[in-house]
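>>> Any chance you can model this:
(2 chains)
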Amino acid sequence: MKYIDEYRDAQAVKRLSAQIKKLMTREWTIMEICGGQTHSILKYGMEELLPAELTIVHGPGCPVCVTPLEMIDKAIAIAQQPNVIFTSFGDMLRVPGSRLDLLSVKAEGGEIRMVYSPLEAVKIAENNHDKKVVFFAIGFETTAPANAMAVLEAKRKQLKNFSILSAQVLVPPAIEAILSSKNSRVQGFLAAGHVCTVMGFEEYIPLAEKYKVPIVVTGFEPLDIMEGIYLAIKQLEENQYEVENQYRRVVKREGNRAAQKMMQEVFEPVDRNWRGIGCIPNSGLKLRSAFMAYDAEHLFRVDAIHTDETTECMAGEVLQGLKKPLECPLFGKACTPEHPVGAPMVSSEGACAAYFRYRK
Amino acid sequence: MNKNDQIDLSAGMVCPLPMSEYERVLLAHGGGGTLSHQLLQKMIFPQFDNELLRTEHDGAIWEVNGMRLAFSTDSYVVKPIFFPGGNIGELAVYGTVNDLAVCGAQPLYLSVGFIIEEGFLMEDFWRIVQAMKKAAETAGVKIVTGDTKVVERGKGDKIYINTSGVGLVYEGVNISPDQIRRGDKIILNGRIAEHGMAILSAREEFKFQTSVKSDSAPLNGLIAEILQVCPEISMMRDPTRGGISSALNEIARTAQKGIRLEEKQIPITEEIKAICEIFGFDPLYVANEGKVLIFVPPSKITQVLQVMHRHPYGKEAAVIGEVVDDHPGRVIMKTLIGSNRVVDMISGEQLPRIC
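Numbers count the residues shown, from 1 in each chain, chains lettered A, B, ... in the order given. Below is the predicted model:
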């Protein structure tokens, strides 16, 4: 397949892995931010091809995983109301809330539909004027423009029955939270290629300078990830800390200005709770007051819902790269993809699910 | 009402409801993956327990007057009922024919049960019946008994079909997961994931332009020819719902043997690969309707492949893996980049109502 097979070429991957081995003179720890990268690393068994002195830790870049429990409880409370069609990406439906998950609400008779795009939810609202259609807007900067577009589209069509439950989050504040934590052992980052497709990578430059860490904007295929690791190790060995772009075939320095403009028009930054990590200042996006009419949290009065996490699950440490999934006592026992305790076991991008599926 | 109130004690002593994390049945319980497996293991197998059921094969096989009979059943709820490359009627005939064929049997007679929604177009029903007639002729089976029920509008989705079938097991053939041996090679008769992606392309919510067609086909002819040159085949299965990963995991678990796959040997088209990439499906988990996994002793590989390559449904047959003593109960695949990874059974539901 063009533009895919070239990046899964066994010989090229092996050549890079040999070069990484040759470069390394000491132990290093690198974090890949994005769950899509975590999934590729595990799916292609890439750690097998990397030197033992290199530790790869998995970051918080799985939107399903970091969406806080209380947000899922809010989604469930909305979905259980009469005359509501609750729409969401598929993975989110299986995340356990404190008592139920959305799929169980569906089995009880709630009208829940899986969609591939927020614009599908807008279309559902158009075709069901007697129902209130809510879209669960999760994700990083990658999904934010499409979600903003859905709100603008609903406004243009003067729909009165469409709203979003915003759980949008942002990458740079999360990187800063990890780097400023005194437990952090991360020495270099692979930044998420698709997030940077939208945002560009200028906002990472001050982070690299302040914390003296190399940040390599990296793609998702095995060869991309190998090259990202190679570039990060090369910088570490040479005592450099710059923002580098491995994913040049997609990412531009300034990103996608049109998408950024749409996001800024609709959303504004807000302090947000991350599942297992806690509150990170200015790390979320909420609808601006001009778009209040599309804010499900406000419309359905679920702001008061507050939920605490179970204490045994190590999702927080896993998401910060402090622990590997296999170190959690619940892994594979009380917590499996069929009966997840923590969100990283649910999403296909979650580190625990990837370990369970490919490494168990 | 608490859980215990739901148990009917009127018939005297009854078994308590088995512990489950779910109060209600989810779509994923019908997905052919881990939840389906758990439903069978917890609720069905222990209750109906007997020596035929215990083999966990595609059909039951028993002996009458020196002849071995095979018996199998399957229900079809595919949505949409007409899709590129087939329809629910044809699928219902070929599905049960194939389930019997992979038991090593010559399929003979089928029963058909229709559950039809009030208001269903007579013309569509006619098309389905015609398709079943043609499919039965093609596969060389007779539909000999049946039933029709109609439910109120809105209480069913157009039409559901159940077919059951009996067949005669070929002499000297003994197919069962516990027959597989270390060194057995695993042959797949062609390209994977075509049925699932054809259904996806026809779904209202996805609808996209593609030339992909369902691979729906009767496999009894191909299998009969294979068994003629190699009656020592230890195991066969048609990897439908849940894809080749679920079929191979089931076999590995039942046999307590390891299975090793070679990713680059698994036949798949560029178009299917691309659709799977876009929609986030793993082709190993996507349904097939005209595929069969065959476990062949290494000494017979050449003969079996020769026969298969001459047959229209086996032209692209390839050896995709083998049985090993390591990692019993699990499937490990050598990936395209040369590393190894576990191929697990699917846990949730990739696409409900695929067959």
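
>>> When you work out contacts or count neighbours from here on, use the C-alpha atoms and nothing else.
Fine.

>>> now stretch A:223-238, how far from the centre of its chain.
22 Å (Cα atoms, centre = their mean, to the nearest Å).

>>> got a list of contacts for it?
With contact meaning Cα atoms under 8 Å, 6 or more residues apart in numbering or on different chains, stretch A:223-238 is reached by A:7-9, A:12-13, A:16-17, A:19-20, A:23-25, A:28, A:30, A:37, A:41, A:187-190, A:214-219, A:241-242, A:244, A:246-247.

>>> repeat for stretch B:250-263
Identification of contacts with stretch B:250-263 by Cα under 8 Å, 6+ apart yields B:56, B:177-180, B:182, B:248, B:320-336.

>>> Now intersect those with the strands, please.
Of the contacts of stretch B:250-263, the ones assigned to strands by DSSP state E are B:320, B:321, B:322, B:323, B:324, B:331, B:332, B:333, B:334.

>>> Compare those and tell me which has the most neighbours.
Of all those, residue B:331 has the most neighbours under the rule other Cα atoms under 10 Å in any protein chain shown, reaching 28 neighbours.

>>> any idea whether residue A:26 is helix, strand or coil?
In three-state terms, and counting by DSSP: H, G, I helix; E, B strand; the rest coil, residue A:26 is coil.

>>> and whatever residue of the stretch 251-360 of chain A ends up closest to chain B, what is it in contact with?
Nearest residue of the stretch 251-360 of chain A to chain B, counting by Cα to the nearest Cα: residue A:358, 4.4 Å away. Residues near residue A:358 by Cα under 8 Å, 6+ apart: A:42, A:43, A:45, B:341, B:342, B:343, B:344.

>>> Wasn't the fourth one part of a helix?
No. With the criterion set as three-state DSSP, the secondary structure at residue B:341 is strand rather than a helix.

>>> pretty sure it contacts residue B:334?
Yes. Using Cα atoms under 8 Å, residue B:341 is in contact with residue B:334, at 6.6 Å.

>>> returning to that earlier point: which ones among the contacts of stretch B:250-263 come in contact with chain A?
Restricting these to those touching chain A (Cα under 8 Å from any Cα of the partner chain) yields B:335, B:336.

>>> Go through the contacts of stretch A:223-238 and flag which are in strands.
Counted as lying in strands by DSSP E, out of the contacts of stretch A:223-238, are A:28, A:30, A:188, A:189, A:190, A:215, A:216, A:217, A:218, A:244.

>>> Which of those residues sits closest to chain B?
Checking the ones in strands among the contacts of stretch A:223-238 one by one against chain B (Cα to the nearest Cα), the nearest turns out to be residue A:218, at 18.3 Å.

>>> what about the closest one, how many residues close to it?
31.

>>> what does residue A:307 give?
Neighbours of residue A:307 under the rule other Cα under 10 Å: 15.

>>> cool, residue B:147 as well?
Residue B:147: 11 surrounding residues under other Cα under 10 Å.

>>> Just the buried positions in stretch A:246-258, please.
A:246, A:247, A:251, A:252, A:253, A:255, A:256 (16 or more other Cα atoms under 10 Å in any protein chain shown).

>>> can I get those residues in CSV with secondary structure and distance to residue B:253?
As requested, the buried residues of stretch A:246-258 are arranged in CSV below (DSSP: H, G, I helix; E, B strand; the rest coil; distance: Cα to Cα, whole Å):
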residue, secondary structure, distance to residue B:253
A:246, coil, 42
A:247, coil, 41
A:251, coil, 45
A:252, coil, 49
A:253, coil, 50
A:255, coil, 49
A:256, coil, 49
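
>>> dump the residue contacts of the nearest residue to residue B:317 once chain neighbours are set aside.
Once flanking residues are discounted, residue B:317 sits nearest to residue B:189: 3.9 Å by Cα to Cα, 6 or more residues apart in numbering or on different chains. Taking Cα under 8 Å, 6+ apart, we find residue B:189 in contact with B:291, B:292, B:293, B:308, B:313, B:314, B:315, B:316, B:317, B:318.

>>> how about the second one, phi and psi?
The phi and psi values for residue B:292, taken as degrees, to the nearest 10, are phi -140, psi 140.

>>> contacting residues for the residue nearest to it when sequence neighbours are not counted?
Nearest in space to residue B:292, with sequence neighbours left out and distances taken as Cα to Cα, 6+ apart, is residue B:238 at 4.3 Å. Residue B:238 makes contacts with B:98, B:99, B:102, B:247, B:288, B:289, B:290, B:291, B:292, B:293, as judged by Cα under 8 Å, 6+ apart.

>>> Out of those residues, which is nearest to residue A:117?
Of all the contacts of residue B:238, residue B:288 has the smallest distance to residue A:117: 27.0 Å, by Cα to Cα.

>>> Give me the neighbour count for the closest residue to chain B within the stretch 101-250 of chain A.
In the stretch 101-250 of chain A, the residue that lies nearest chain B is residue A:107 (6.1 Å; Cα to the nearest Cα). As a burial measure, residue A:107 scores 15 neighbours (other Cα under 10 Å).

>>> Please name the nearest non-neighbouring residue to it.
Once flanking residues are discounted, residue A:107 sits nearest to residue B:26: 6.1 Å by Cα to Cα, 6+ apart.

>>> ok, now which ones touch that neighbour?
Going by Cα under 8 Å, 6+ apart, residue B:26 touches A:103, A:104, A:107.

>>> Residue B:201 sits in which helix or strand?
Secondary structure assignment for residue B:201, by DSSP states H and E: helix B:194-202.

>>> tell me the mean pLDDT for the helix or strand following that helix?
Moving toward the C-terminus from helix B:194-202, the next helix or strand (DSSP H and E) is helix B:220-229. Taken as a whole, helix B:220-229 has a mean pLDDT of 98.

>>> And stretch B:260-270, by the same measure?
What stretch B:260-270 shows for mean pLDDT is 96.
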